[in-house]
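Trainee: sequence? don't have it. structure:
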């Protein structure tokens with residue numbers, strides 16, 4: 001059974017989310033503050049399939065918790081916030097959040113996002129082939145376990161970075177615009193400026209490229225977008 005960790009200080013909302021998660025045949029555990037949340041993350045990291053994380057917590061800022069999660073794990077993180085400021089959303093996504101919901105939100109929307117994130121984390125992506133691995137020059141992408149290694153050295157990627165790499169590598173040689181990449185990887189209508197995609201590409205290159213300033217795997221097609229090197 002997939003486990004969902006909910007970190008939010010709104011006890012009534014937590015009770016509602018927990019109930020809805022369990023109605024989907026998922027297991028849910030709750031923490032009402034950041035300190036307990038971090039402890040539960042450490043205890044359940046091998047069985048946790050999703051973290052629902054509120055930005056505004058009484059003790060530790062949700063963004064700080066997100067940073068700590070991304071130091072060691074690519075578990076999907078769905079951020080919750082009462083703020084509608086787009087800068088906060090972009091900041092969270094750049095830190096490694098996989099999705100974002102602004103309060104108040106509908107339970108139907110919450111559960112749609114929960115199920116989508118868990119599905120992407122625990123099963124093969126719909127745009128990939130049926131084999132478990134993608135074998136490239138000096139790189140192996142394990143789709144089933146969502147891991148990447150370059151020259152046999154494991155590379156730590158966030159959930160969204162992995163999705164981005166997997167999408168591009170699964171379509172070697174094809175050129176995609178930034179809008180097309182966003183629509184395929186984020187699975188929603190393009191809502192941000194191009195700098196958001198460029199930031200993800202830049203961070204991904206720093207992790208996988210032998211020389212990020214002269215990339216081999218992810219190539220820029222000037223005036224259009226990006227493509228994965230068909231020679232890789």
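Mentor: Sure, I can see it. Note that the structure is a prediction, hence the values are computed from the model and not measured.
Trainee: quick one, domains of the protein?
Mentor: Domain ranges of the chain: 3-122, 133-228, per automatic domain parsing.
Trainee: can I get those domains in a markdown table including mean neighbour count and mean pLDDT?
Mentor: C-beta: built from backbone N, CA, C; applies to glycine. As requested, the domains of the chain are exported to a markdown table (neighbours: other CB atoms under 10 Å; pLDDT from 0 to 100):
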| stretch | mean neighbour count | mean pLDDT |
| --- | --- | --- |
| domain 3-122 | 17 | 89 |
| domain 133-228 | 16 | 89 |
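Trainee: all strands for the chain, in order.
Mentor: Ranges of strands in the chain, per DSSP state E, are 3-7, 27-31, 48-54, 77-81, 99-102, 133-136, 139-142, 147-150, 153-155, 175-177, 218-221, 225-228.
Trainee: the longest one pairs with which strands?
Mentor: What that stands for is strand 48-54. Strand 48-54 has the following strand partners under DSSP bridges: strand 3-7 (parallel), strand 77-81 (parallel).
Trainee: thinking residue 156 is in contact with residue 69, fair?
Mentor: No: assessed by CB atoms under 8 Å, residue 156 is found out of contact with residue 69, at 11.5 Å.
Trainee: do I have it right that residue 24 meets residue 116?
Mentor: No: the pair residue 24 / residue 116 is not scored as a contact, 12.0 Å apart, by CB under 8 Å.
Trainee: show me where this structure has its helices.
Mentor: Here the chain has its helices, by DSSP state H, at 11-23, 34-44, 62-72, 86-95, 107-122, 159-169, 178-185, 194-208.
Trainee: name the surrounding residues that touch the fourth one.
Mentor: When contacts are taken as CB atoms under 8 Å, 6 or more residues apart in numbering, the neighbours of helix 86-95 outside the stretch itself are 55, 62-63, 66-67, 70, 79, 81, 100, 102, 160, 192, 196, 199-200, 203.
Trainee: pull the most distant pair out of those.
Mentor: Based on CB to CB, the longest span within the contacts of helix 86-95 runs between 102 and 203 and measures 24.2 Å.
Trainee: what's the spacing between the nearest residue to residue 54 once chain neighbours are set aside and residue 48?
Mentor: In space, and not counting its chain neighbours, residue 54 is closest to residue 8: 4.0 Å by CB to CB, 6 or more residues apart in numbering. As judged by CB to CB, to the nearest Å, residue 8 and residue 48 stand 16 Å apart.
Trainee: same deal with residue 109?
Mentor: Remark: distance between residue 109 and residue 48 (CB to CB) = 22 Å.
Trainee: phi, psi for the residue nearest to residue 54 please.
Mentor: phi -160, psi 140 (degrees, to the nearest 10).
Trainee: do I have it right that it meets residue 81?
Mentor: No: with contact defined as CB under 8 Å, residue 8 does not reach residue 81; the gap is 10.5 Å.
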